[in-house]
Each structure stands twice: as C-alpha cells, then as structure tokens.
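Undergrad: What follows is a predicted structure for the sequence shown.
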Protein chains: 4
Amino acid sequence: MTEVMRVGVLGARGRVGSEVCRGVSAEGDLDLVAQVDAGDPLDLLLEGDAQAVVDFTHPDVVMDNLEFCISHGIHAVVGTTGFDDARLATLRGWLADSPGTGVLVAPNFSIGALLMMRFAAAAAPWFESVEVVELHHPDKADAPSGTARRTAQLIAAARDEAGLGPVPDATSTGLEGARGAVVDGIHVHGLRVRGLVAHQEVLLGGPGETLTIRHDSLDRASFVPGVLAGLRAVGDRPGLTVGLEQVLDLG
Amino acid sequence: MTEVMRVGVLGARGRVGSEVCRGVSAEGDLDLVAQVDAGDPLDLLLEGDAQAVVDFTHPDVVMDNLEFCISHGIHAVVGTTGFDDARLATLRGWLADSPGTGVLVAPNFSIGALLMMRFAAAAAPWFESVEVVELHHPDKADAPSGTARRTAQLIAAARDEAGLGPVPDATSTGLEGARGAVVDGIHVHGLRVRGLVAHQEVLLGGPGETLTIRHDSLDRASFVPGVLAGLRAVGDRPGLTVGLEQVLDLG
Amino acid sequence: MTEVMRVGVLGARGRVGSEVCRGVSAEGDLDLVAQVDAGDPLDLLLEGDAQAVVDFTHPDVVMDNLEFCISHGIHAVVGTTGFDDARLATLRGWLADSPGTGVLVAPNFSIGALLMMRFAAAAAPWFESVEVVELHHPDKADAPSGTARRTAQLIAAARDEAGLGPVPDATSTGLEGARGAVVDGIHVHGLRVRGLVAHQEVLLGGPGETLTIRHDSLDRASFVPGVLAGLRAVGDRPGLTVGLEQVLDLG
Amino acid sequence: MTEVMRVGVLGARGRVGSEVCRGVSAEGDLDLVAQVDAGDPLDLLLEGDAQAVVDFTHPDVVMDNLEFCISHGIHAVVGTTGFDDARLATLRGWLADSPGTGVLVAPNFSIGALLMMRFAAAAAPWFESVEVVELHHPDKADAPSGTARRTAQLIAAARDEAGLGPVPDATSTGLEGARGAVVDGIHVHGLRVRGLVAHQEVLLGGPGETLTIRHDSLDRASFVPGVLAGLRAVGDRPGLTVGLEQVLDLG
C-alpha cells in the first residue's frame, strides 16, 4: 500500500469511536484528518479533505451524516445501528447519484465473531447435532443475543440446504426452559454472569466426536481491526455493501 | 491395608457391575469371591464367604438382596436407584438388628461429580453470579439432569446461608427459554448433543473474574474408584450411610 | 442416490473395521457384501461382487490388498497407515493400468478434525497470536500428536502467505518447556491426562478478542461418517486421491 | 455490621488503588477517609482518623508506610509486592510493640484464584493425572506464571501426602518442550496469546472422567472483593498474617 488514505471519524469521542481514532492513528497507510462528535460541524471533514469516514454515532444523526458524506464523494464505513430496509433503500438512492462512492454498513465489526458464524455455517451440514450458547454480563437487556439468533439462523439454513432434518432430542420430561430458546429449530442458551463481557460458543456433534467454535470478546478494541479492513476495502466498492464479511476473504 | 476384603458383586454381568468386577479384581486389598446376577442364588455370597457386596441391580430386587446381606452380616455398597424415605427406614430397621453391619447407599459414585458439587457449594458464597450448564447425549429423557438440579439446590442453599440475594439479571426482552430453567433461583441450562456423554459446568462470576468448575464423564469406568472407596470405608461405618461424600474426605 | 453400492471391508474384525461394518450396514445406499480379516481369502470380495472396499488393516498387508483390488477394478478407501512417497508412487502405477478405478488414502477420517484444521488455517491470517494445545490419554507415545504438528504447519503456511511475522512473545525468564514445542514458529502444547481420549484446541487472538476451535474425539465411531463420505465419493474420482478433505466440501 | 470502619488507601491514584477507592466508597460499612499517593503526607491518615489502610504502592516505600501505620495502631491490608523473609521479620518486630494492630500481607487478592488453588489441592488426591495450563497476554515476561508454579507445588504436596506416585506419561518420542515445564513433578504449560488477560486451568483425570477448574481474570476489579474481605478481617487478627486465604472461609 503506497498511498495514504485520509480518514475522518464521526462519533470520535464515543466509546467505540475513540478506539477507532487510536487505531487509525497507529496505521501507516491511514491518516486521521478529522475527529467529529456531537456539536461539531461536518465541514471539518472537508477541511481535512477526508476521503473516507468511520461512523459510530446514533440512529438519529447517522442519515444526515451519510447524506453529507455521499454528496461530497466521501466513502463511509458505518457501525451505527438502526438500519432497516427503508434506510438502506434511501442510501442506495443517494449512492446512485454519486457513482464511485462506497458505503459499508455492518452490524458487527468483530472479525472473530464473523469467523465464528462463517465456520458454524460451514460445519453445520456435517453434524447431526448443534446448539448455541451465548454468555454475557448480567446488565444485558435481551436474551438470546442478536449474534446468537443470527448464528442459529445461518446454521438452520445450512442444515436445510444439506437436507438434514431436525436435531435429535429425546427430552420428554423436564423443567420449562431447560432446553433453551429455539430459533429456526436450533436450541440457543443465554447465560448472564458478572465478570463476563461477550462470549459465544457453537457446539456441533456427531457419533463419537464434537466440534466447538468459541468467540470471546473482552474489549471494544476488538472492533478496530474490522473497521480498518473495512476502510481499506470501501474505496474499491462503489455503492452500498451490507456486512463486513462481504469485503473480507474469510476462507 | 494389610488384610484382604472378600467382595461379592450383585448385578455382576450388568454394565456397571461388570466394570466393578474388573475394578475389584485389579486391587491387591480386595478379593472378588462371588459374581451374582439375575437367576443366581444369593448363597453364592456365603459360599465365597463375602464380607461385603456391591449392588448395581434393579429397584425390584435390591431390597431382597440387602435383607439377605444384612441378616448375614455382610456389608453393602449400593448404587441401585429407587431409594425413597420408606426404603431407607426399612434398611435402618434391619440394620438395628445387625449391629456392626454397614450399608452405604449412594446416588452417584463419580468422585469427580461429588467434587464438582462440593466445590460449587463452597465457591457460591463468594460470587455474585452463578449458573449451571449440563451437557448430555440427545437420548436422555429428562432435562435438566438430576445432578444439575441437585447442584443448583446446593448452590442456592449456600448463597442463602451467606446472605446473598438473587442473582443479577437485567433480561427484559427475549425468547422463551433463553435464560434456561430456574431451580431454587439458579438458572440451569441443558444441552443435548450427539457425541457427548455426561458433562456439567458451573460458572461463577464477580467483578472482573469468573471461576468455572467442569466435570466430564466419558465412561462408566468413572464409577469404579468411588465404589472401591465405598468398599474400603463401609466396614468401619455400621448402620446406614447415604451419599458417598459422607465417607470421603473431599477437602 | 438411487443405486446401492456393494462394499467389502478389509480388517473387518479390527477395532475400526468392525465400526465401519456396523456403519455400512446401517446405510440404505450401501450394502455390506464381504467382511475380510487376516486369514480370509481376498476372493471373498469377488464372491460378494464388491464395487468398493474399505481397508483398515496393517502396513504389512495393505499393498497386497490394494494390488488385488485395483487389478479387479474395485475402488478403495484406505485408512491403514504407513504410506510414504514410494508406496503412493506404486499405487499410481497400478492405477494407471486400471483407468476408472479410484483409491482414496487418508491419514484422518474424522470430519471434525479436518474441519478444525481447515478453520484454523482460514482464521490464521486474521489474528496476531495463535497456539495449539492437544490433549490425550497418558498412554500415547508421541508428543505433540501428528494432528497437532500438521495443524501448526497449516497455520504457519497461512500466516506466511498473509505476510504475518512471528507470533508475539515477550517471555524472557522461565522454566524450560513452559512455552511448549515450536513447530514452524507455532507453539504447540501436549497434555497427557487419564480419562481423556483425543482432543485438540486452536486458540487465536487479537486485540480484545480470541477465537477458539476445539475438536473432541471420544470414540472410534467418529471415523465412520468420514469413511462413508469417502466411499460415496471414491467411485467418481479415478486415480489416487490423498486426504479426505479432497473429496469433501468443507465450506 | 453496625459499625463503620474508616479506611485510608495508599497508592490511591494507582491502577489497583483507584479501583480499591471506588470499591471502599461503595460499601455501607466502610468509609473512605484518606486517599494518599506519592508526594502526599502520611499524616492525611491521622487527619482522617483512619482505622485501617490498604497499601498498593511500591516495594521502595511500603516499609515506611507500614512502620508509620503500625506505630499509630492502624491496621493494614497490603498487596504491594517484594516481601521476603527479612521484611516479614521486620514487620513482626514492629507489631510486637503494637499489640492489637493487625497486618495482612497477601500476594494475591483474587478470591477466584485462591479458590482455584484450594480446589486443585483438595481434588489432587483423587485423580491419577493432573496438569496445569496458564494463559496470558504475550507481553508477560515470565513463564510459567507465579500462580501456576504455586498451584503445581500445592498439587504436588497434596499428592505426596496422599501417597500417590508420579503422574502417568508414556511419552517416548517427541519435540522438546511439548510436554511443558515440570514443577515438583507436575507438568505446567504457558500460553501467550493477544486478547487474553490472565487465565489458568487445572485439569485432573482418572479412569473415564476429568475434572477441570478454571479461573479467568479479566480486570483489576477482581482484586477488590478480596481487599474488602481483608479489611473486614484484619482488625480481628492482631499481628502478622500472610495470605488472604488465612482470613477467608474457603469451604
């Protein structure tokens, strides 16, 4: 990589954004030219001549941010939540008017989490049984986690395509909830334990053997390598891309 | 141990019993003098001059076996299931007439499982959070397992005694069953996966740290050391003893 | 699959072979037509009109077995060990004279182990750190295991290709052996513990996250699905194929 | 607890000290009356009328701190490192002149780590095999960790007392280091992986079963509950106490 990319960060003083600033600054091929947070003018991006931005802000402001960026031909890597089909359609419309500009929207920038989901789906056709366990701190409001639901859906789709039937389960008596929640036929268990951060395990099994794929996320810093990979890819992908896995070669 | 104990095995051709026979035969201080199974006369025990028996038979025959043994002053280590309060009271009555004879009835002869339960209860007062996960082959009929329920009860009692309140859990939205079954306030999760045998994990956590205690049972052979320890102890404990943990020094 | 394949098993009374016989018998599209072991004539294969064989025998006899099979146009799936380059060249020569016949030689028929190696190599470029831990029963003669060495080599090659440097390790004082063996720059640790069978864990880590891929093999039955997959593929792959992963779509 | 204890913290702006300040402030029965760091006069303790201090400072200053505290009858809970036999003897001398004052010096305030060591030693007599695996970030200078060495020593002593011989190990060929370091006959393995913090696993095994005890420390906050427990105990234990486990009921 011979050229340096000039990068602005939106939400630069937030918890993820500040990690992204640190991460961008540490890379030789990236130059942090603008740090923008609530109250700061977006013109800072133009003053710094930013070629691309990273947006970890809020659903209330992200669309304004992106309209500004796209209209100025600035690529964007977006980790802000709240993108439904309507918002994605709006983005596509804006991008149609700005050919050459790329936007990458991703719900998860942890490469470890993406690999876990990819491997779980790739292994699913080969095993009779599979269950998902997610483990988080006890202040989390939803159970199971969004990642666990998504993993279960990917596994179910892979089993379906391979022609596997339902997972075996002879449970006939028991306590309610003992076998977890069921997402598309896949059992999913959520643990809430103080001291944990965000963890997930996929356990697959067939006669005489099991395969376990586990992801442990201990720190927001884990998002940074995925964001950097997104930045390096977004300029070469005009239009809208959804999901970091679309721009990575995950094997 | 300078003297050799003469041992008979009831249920000698069964799955556990045959392992016990192998185990007794391999020990220098134990002599396998009688192998009795369905159809064989109990007099084989007298012919072999057995001092103690191990009984892994069936609820339908175990009481007759024990009446015979106690009346002949033969100690017994019993792994057969189905002992309720009435049966235990009957045993106590028979033993009252045969002072010097000892009977040990235990639901679990796996020393690893006993240590797991003991450590879980000992650690429970020191951690804000705790959950139990049990993992078995998918042909198991009940969920959660009896061992998991018992573990949860022991943990709940230890927390209670230490004055701990309920475990923290901010879950407000989710899928039914995602947080497992609840036994005495403790969340218990049951996985059923082909390739597994019998496994349990207790996960305790406080600020910044977790402690995990896991037991993996892969083979019926795991019962043998507990049975041998029971045999060596039962002669010195006249009367009825319930639970192998009563005769072991588990630290 | 509408047609049934007629299968013979060489080494049919051996520990793996007998599991294979059971496995073949249970499948609707496979017909077990010959069970051959030491002392039995290979002509049993012709009497049963076998289309394919599975060979789990001994390095001393496997080449004679394969010469017989290839000369009669019988496909072969081979798990017997001891294949060096010379033997593979011999097989290729025989197969050149019998176009249409396929032989699959594989050192490992566990699909779980193959997936573990595949995923470890696919994940390796994405993480700064990686180590391999293998865990076996204490009667094993070599450490680390062949699978662990092979895994380390695959990981090292994948890191190399991705341009990663050596794994980070600030260890400056310590006890000899504490950091394990080093295979192509990758640290490999071997545990030997009674009660274990054959297990391996690959632990990858980057800032704030780790990814763990673990394979637990508890029973020889774990080889059967791989053997069956090999049987179903071998007829469509004339010539010599080395490695079960060549005929499976491992994602 | 009806009375409130007035507590001073030495090293209050340090990484552990600041966590301790937060922890003390959050407790109803403890009152944070002095926060002292380098450059501050120790008289702040007297101004706040501190009854006890917590010291997480530096080997260069801790002895002066303790001389001051003991001479003023202030109890001390000490996590600063560098206490050898000579220093402990000095402390004992000072305490002899101040009966009623208690000092608790502990190398480890993580209750989870103490429980792990305690359980490992308690379980050791019951299993033929045992190994220790410690896992840390790759910036750690020593391998194996001090906790792993200490754990191995405790296990070895417990095996010895129980009359167990050496652990079984048939390894006859292999790579150097594959079987780890050996501490008092116990194999110890050290992993260094980015993303990890401080983790340890003790794996015990006998025929057909294994027992695993694992401690994961993810954050310095894990020391706080142990420090608070030390504070609550130190006033009732005049003289010198070494090791937090001496004042806790670890079951």
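TA: In hand now; what should we look at? Keep in mind that this is a model prediction, so the values were computed, not measured.
Undergrad: Need the per-residue pLDDT for the closest residue to A:Gly79 other than its chain neighbours.
TA: For A:Gly79, ignoring the flanking residues on the chain, the nearest one in space by Cβ to Cβ, 6 or more residues apart in numbering or on different chains is A:Phe56 at 4.7 Å. Where you see a C-beta, it was placed from the backbone N, CA and C, and this is true even at glycine. You'll see A:Phe56 listed with a pLDDT of 96.
Undergrad: Quick check: nearest residue in space to whatever residue of chain A ends up closest to chain D, chain neighbours excluded?
TA: Relative to chain D, the nearest point of chain A is A:Leu218 (5.9 Å; Cβ to the nearest Cβ). Among residues not flanking A:Leu218 along the chain, A:Val197 sits closest, at 5.1 Å (Cβ to Cβ, 6+ apart).
Undergrad: these two touch, right, that neighbour and A:Glu134?
TA: No. A:Val197 lies out of contact with A:Glu134 (Cβ atoms under 8 Å); the separation is 11.7 Å.
Undergrad: of the two, who's got more company?
TA: The neighbour comparison of A:Val197 against A:Glu134 (other Cβ atoms under 10 Å in any protein chain shown) goes to A:Glu134, with 27 against 17.
Undergrad: For the stretch 101-250 of chain A, give the residue positioned nearest to chain C.
TA: For the stretch 101-250 of chain A and chain C, the shortest gap (Cβ to the nearest Cβ) falls at A:Ala122, measuring 2.5 Å.
Undergrad: Confirm that residue sits in a strand?
TA: No. A:Ala122: not assigned to a strand; according to DSSP: H, G, I helix; E, B strand; the rest coil it is helix.
Undergrad: give me the number of residues near the nearest residue to it once chain neighbours are set aside?
TA: Using Cβ to Cβ, 6+ apart and skipping residues adjacent in sequence, the residue nearest A:Ala122 is C:Gly251, 2.5 Å away. Per other Cβ under 10 Å, the neighbour tally for C:Gly251 reads 18.
Undergrad: Next up, the contacts around C:Gly251.
TA: Contacts for C:Gly251 (Cβ atoms under 8 Å, 6 or more residues apart in numbering or on different chains) come out as A:Arg118, A:Phe119, A:Ala121, A:Ala122, A:Ala123, C:Arg118.
Undergrad: One more pass at 10 Å, please.
TA: By Cβ atoms under 10 Å, 6 or more residues apart in numbering or on different chains, the contact list for C:Gly251 reads A:118-126, A:158, A:251, C:115, C:118-119, C:122.
Undergrad: same deal with A:Thr212?
TA: A:133, A:201-205, B:193, C:112, C:116, C:201, C:212-216.
Undergrad: what's the answer for A:Asp97, then?
TA: A:Ile70, A:Ser71.
Undergrad: again, only using 7 Å
TA: Contact analysis of A:Asp97 by Cβ atoms under 7 Å, 6 or more residues apart in numbering or on different chains lists nothing.
Undergrad: circling back: which of the contacts of A:Thr212 fall in strands?
TA: Among those, the ones falling in strands (DSSP state E) are A:Val133, A:Glu201, A:Val202, A:Leu203, A:Leu204, A:Gly205, C:Glu201, C:Thr212, C:Ile213, C:Arg214, C:His215, C:Asp216.
Undergrad: Tell me, how many residues neighbour the residue nearest to the fifth one when sequence neighbours are not counted?
TA: Using Cβ to Cβ, 6+ apart and skipping residues adjacent in sequence, the residue nearest A:Leu204 is A:Phe127, 3.9 Å away. Using other Cβ under 10 Å, the number of residues around A:Phe127 comes to 26.
Undergrad: Need the pLDDT of A:Phe127.
TA: 96.
Undergrad: Go ahead and confirm it touches A:Leu203.
TA: No. The pair A:Phe127 / A:Leu203 is not scored as a contact, 9.3 Å apart, by Cβ atoms under 7 Å.
Undergrad: thinking again about what came up before, starting from A:Thr212, give me the distance back to the residue nearest to A:Leu204.
TA: Using Cβ to Cβ, to the nearest Å, we find A:Phe127 at a distance of 11 Å from A:Thr212.
Undergrad: again, but for A:Ala198
TA: Applying Cβ to Cβ to A:Ala198 and A:Thr212 gives a distance of 17 Å.
Undergrad: where do the helices sit along the stretch 101-250 of chain A?
TA: A:111-123, A:146-161, A:224-234 (DSSP state H, counting those that start in this stretch).
Undergrad: right, is the last one up against chain D?
TA: Spelled out, it's helix A:224-234. No. Judged by Cβ under 7 Å from any Cβ of the partner chain, helix A:224-234 and chain D are separated, with a smallest distance of 10.8 Å.
Undergrad: between that helix and helix A:111-123, what angle do the directions make?
TA: 80 degrees (axes from the mean of the first three to the mean of the last three Cα atoms, to 10 degrees).
Undergrad: tell me what helix A:224-234 is packed against?
TA: Counting contacts by 3 or more Cβ pairs under 7 Å, 6 or more residues apart in numbering or on different chains; DSSP states H and E, helix A:224-234 packs against helix A:15-25, strand A:52-55, strand A:75-78, strand A:102-105.
Undergrad: helices or strands up against the third one?
TA: Taking 3+ Cβ pairs under 7 Å, 6+ apart as the contact definition, the neighbouring helices and strands of strand A:75-78 are strand A:52-55, helix A:62-71, strand A:102-105, helix A:224-234.
Undergrad: Could you dump these into CSV with mean neighbour count and distance to D:His189 added?
TA: Shown next, in CSV, are these (neighbours: other Cβ atoms under 10 Å in any protein chain shown; distance: least, Cβ to Cβ, whole Å):
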stretch, mean neighbour count, distance to D:His189
strand A:52-55, 27, 40
helix A:62-71, 19, 47
strand A:102-105, 25, 41
helix A:224-234, 23, 28
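Undergrad: Take those and write them to a markdown table, including distance to A:Ala96.
TA: Shown next, in a markdown table, are these (distance: least, Cβ to Cβ, whole Å):
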| stretch | distance to A:Ala96 |
| --- | --- |
| strand A:52-55 | 19 |
| helix A:62-71 | 10 |
| strand A:102-105 | 12 |
| helix A:224-234 | 17 |
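Undergrad: what does chain A have sitting close to chain D?
TA: Close to chain D, as judged by Cβ under 7 Å from any Cβ, chain A has residues A:Gly195, A:Val197, A:Leu218.
Undergrad: Minimum pLDDT in the contacts of C:Gly251, which residue is that?
TA: Lowest confidence among the contacts of C:Gly251: A:Gly251, with 73.
Undergrad: how close does that one get to C:Gly251?
TA: 9 Å.
Undergrad: what does A:Ala148 give?
TA: For A:Ala148 relative to C:Gly251 (Cβ to Cβ), the value is 20 Å.
Undergrad: Flag the shaky bits of the stretch 151-251 of chain A, pLDDT-wise.
TA: For the stretch 151-251 of chain A, applying pLDDT under 70 flags no range at all.
Undergrad: need the contact list for the residue of chain A positioned farthest from its centre.
TA: Computed with Cα atoms, centre = their mean, the residue of chain A farthest from its C-alpha average is A:Thr173, at 38.4 Å. For A:Thr173, the contact set (Cβ under 7 Å, 6+ apart) comprises B:Ala141, B:Asp142.
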